[in-house]
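Peer 1: everything below, folded, please.
(chains A, B, C and D)
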Number of protein chains: 2
Amino acid sequence: MLVHASVKRPSTLGILGTLSQIHTASITTEFTYNKGLEIYGENEPADYVYQVLDGAVRSYKLLSDGRRQIGAFHLVGDVFGLENGVFHRFTAEAVIDTTVRLIKRQSLERVANADVSVARNLLTMTTSSLQHAEEHMLLLGRKSSMERVAAFLLEMDRRLNGVGLVALPMCRRDIADYLGLTLETVSRVLSKLHGIGILNFVGTNQREIMLVDRRRLAEMNV
Amino acid sequence: MLVHASVKRPSTLGILGTLSQIHTASITTEFTYNKGLEIYGENEPADYVYQVLDGAVRSYKLLSDGRRQIGAFHLVGDVFGLENGVFHRFTAEAVIDTTVRLIKRQSLERVANADVSVARNLLTMTTSSLQHAEEHMLLLGRKSSMERVAAFLLEMDRRLNGVGLVALPMCRRDIADYLGLTLETVSRVLSKLHGIGILNFVGTNQREIMLVDRRRLAEMNV
DNA sequence: CGACGGGTTGATTGTCCTCAAAGCCTGTGG
DNA sequence: CCACAGGCTTTGAGGACAATCAACCCGTCG
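Peer 2: Numbering: from 1, shown residues only, chains lettered A, B, ... in the order given. Got it, this is the predicted structure:
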């Protein structure tokens, strides 16, 4: 695997496209990370805020013995690395080859201090991260392996257009570390869901999943 | 148990005492909830924001079959119910008799729209909730029962003044639902920690805990 | 006193983890 | 074109940790 990151064309878009209020000359840059590359590390200075243009990113924390908890996957369009603080609280890595747009945190803060609507936008994005984390605590604390996987598939379906055909960018281990399970358990549950006719595997690798019966899947998600 | 809530003296303090920027005439009110009383329910309109003046509050979500995940305990000084949205995402209940200060969400938003420093304060509070949730995902997803209880005791010690004597306001079931365990497991782990000389039970009920060896406790928290 | 809420402890069960092996696909190099 | 290595996934067997079910204890309060 190639292990390097390449700078692409700089641009002067509204901040991360999402904070469209800012049409001042805030310079944003594009950057491509190869699969597996670290974008930033936990406790590193949070100098930039990112948006996924193509690909997928995992944000995770590690325990000292290597146990990993993925807090979120960031898909196309998602903003991540917005810490509202000096340091990153997660490590972020490219799940597959991934292109991001980035902007200096300082530029963002400068504008937010002057413009209330931008500040409110930062608050909205932070709140939606919080909401996701709150739902995920419920999943991690109280749901069975079956319920976790069902919730995961429905979340991915929703976020990847919701057409019932889910092309997962991440491997079983990533899914497991997101759901607080082992990769074997994830694999077993998926096999079981396949066995009872709720999903089918499409194509050659096992990452493309057709949700045959989303109603029944939703029922498993309590 | 008495089941009623009583209004106390209204006051015109800076918003919740915490958002001290607001010395406008934003009316705040005090209110007392008896032990076990609901302060607001999940999905109810979020008309007020609260601050604990005395007592303790639990915020939780329920699954349809009654499984409960407590997302946070709110202790004296903490602000809660700040949803930045129209609806509450948790149910909040008084763990013990609890007095809160409250302010209308609308007043808060009105000021935040005019004053960037207030908006930034809302963002800071939301960010610190997010940070707590992120740490808690790691705990719920990847830590053993021993590690969870150790983390809990250290968190409570820190938030209740950090003198090593922890007077827990909540019962074992609340702790369990916060840590993603059963009350029996919590009890067993506490007994074990007592057995190996890390903590002592003080007084007649089992809620007052002396942390004899915080260093060793911290080591269990990975 | 007796009921009740809260806590501890014991016995057993069950879910998920661990360890292990094998299959499949991709890419690489002869 | 084939052989082979490596990454990823599945599947099986056995084990461990926490859940479940149950009994009992202790204070408090009516």
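Peer 1: what pLDDT is listed against the residue nearest to A:Ile103 when sequence neighbours are not counted?
Peer 2: Computed as Cβ to Cβ, 6 or more residues apart in numbering or on different chains, the closest residue to A:Ile103 that is not its neighbour in sequence is A:Thr28, at 4.8 Å. C-beta coordinates here come from the backbone N, C-alpha and C atoms, glycine included. For A:Thr28, the pLDDT comes out at 90.
Peer 1: what's around A:Thr28, how many residues?
Peer 2: The number of residues packed near A:Thr28 is 22, by other Cβ atoms under 10 Å in any protein chain shown.
Peer 1: return the distance of the residue in chain A sticking out farthest from the centre relative to chain B.
Peer 2: Largest separation from the mean C-alpha position in chain A: A:Ala114, at 29.7 Å (Cα atoms, centre = their mean). According to Cβ to the nearest Cβ, to the nearest Å, A:Ala114 and chain B sit 7 Å apart.
Peer 1: ditto for A:Leu108
Peer 2: From A:Leu108 to chain B the distance is 12 Å (Cβ to the nearest Cβ).
Peer 1: I'd say that residue and A:Tyr48 touch.
Peer 2: No - the pair A:Leu108 / A:Tyr48 is not scored as a contact, 9.2 Å apart, by Cβ atoms under 8 Å.
Peer 1: isn't the residue farthest from the centre of chain A right next to B:Val116, touching?
Peer 2: Yes - if you go by Cβ under 8 Å, A:Ala114 and B:Val116 touch, sitting 7.4 Å apart.
Peer 1: is the residue nearest to A:Ile103 bridged to anything, and to what?
Peer 2: A:Ser11 (DSSP bridges).
Peer 1: do the same with the one 10 residues further on
Peer 2: For A:Glu38, the beta-bridge partners under DSSP bridges are A:Glu93.
Peer 1: can you pull the contacts of the residue farthest from the centre of chain A?
Peer 2: A:Ala114 is in contact with B:Val116, counting by Cβ atoms under 8 Å, 6 or more residues apart in numbering or on different chains.
Peer 1: can you check A:Arg68 too?
Peer 2: A:Tyr60, A:Lys61, A:Leu62, A:Asp177, B:Arg142.
Peer 1: for stretch A:80-88, the averaged confidence score.
Peer 2: Here the average pLDDT along stretch A:80-88 is 95.
Peer 1: make that stretch A:165-181, sorry
Peer 2: For stretch A:165-181, the per-residue pLDDT averages 97.
Peer 1: and it, C-alpha only, in PDB?
Peer 2: Output of stretch A:165-181 as PDB, limited to C-alpha atoms (Å, rounded to 0.1, in the frame of the first residue of the first chain):
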ATOM      1  CA  LEU A 165     -28.100  -1.500  -0.500                       C
ATOM      2  CA  VAL A 166     -25.300  -0.800   2.000                       C
ATOM      3  CA  ALA A 167     -21.700  -0.700   0.700                       C
ATOM      4  CA  LEU A 168     -19.700  -0.700   3.900                       C
ATOM      5  CA  PRO A 169     -16.300   1.000   3.600                       C
ATOM      6  CA  MET A 170     -15.000  -0.600   6.800                       C
ATOM      7  CA  CYS A 171     -13.900  -4.100   7.900                       C
ATOM      8  CA  ARG A 172     -15.500  -6.400  10.500                       C
ATOM      9  CA  ARG A 173     -13.000  -5.300  13.100                       C
ATOM     10  CA  ASP A 174     -13.900  -1.600  12.700                       C
ATOM     11  CA  ILE A 175     -17.600  -2.500  13.000                       C
ATOM     12  CA  ALA A 176     -16.800  -4.500  16.100                       C
ATOM     13  CA  ASP A 177     -14.800  -1.700  17.700                       C
ATOM     14  CA  TYR A 178     -17.600   0.600  16.900                       C
ATOM     15  CA  LEU A 179     -20.200  -1.700  18.500                       C
ATOM     16  CA  GLY A 180     -18.200  -2.800  21.500                       C
ATOM     17  CA  LEU A 181     -18.100  -6.400  20.200                       C
END
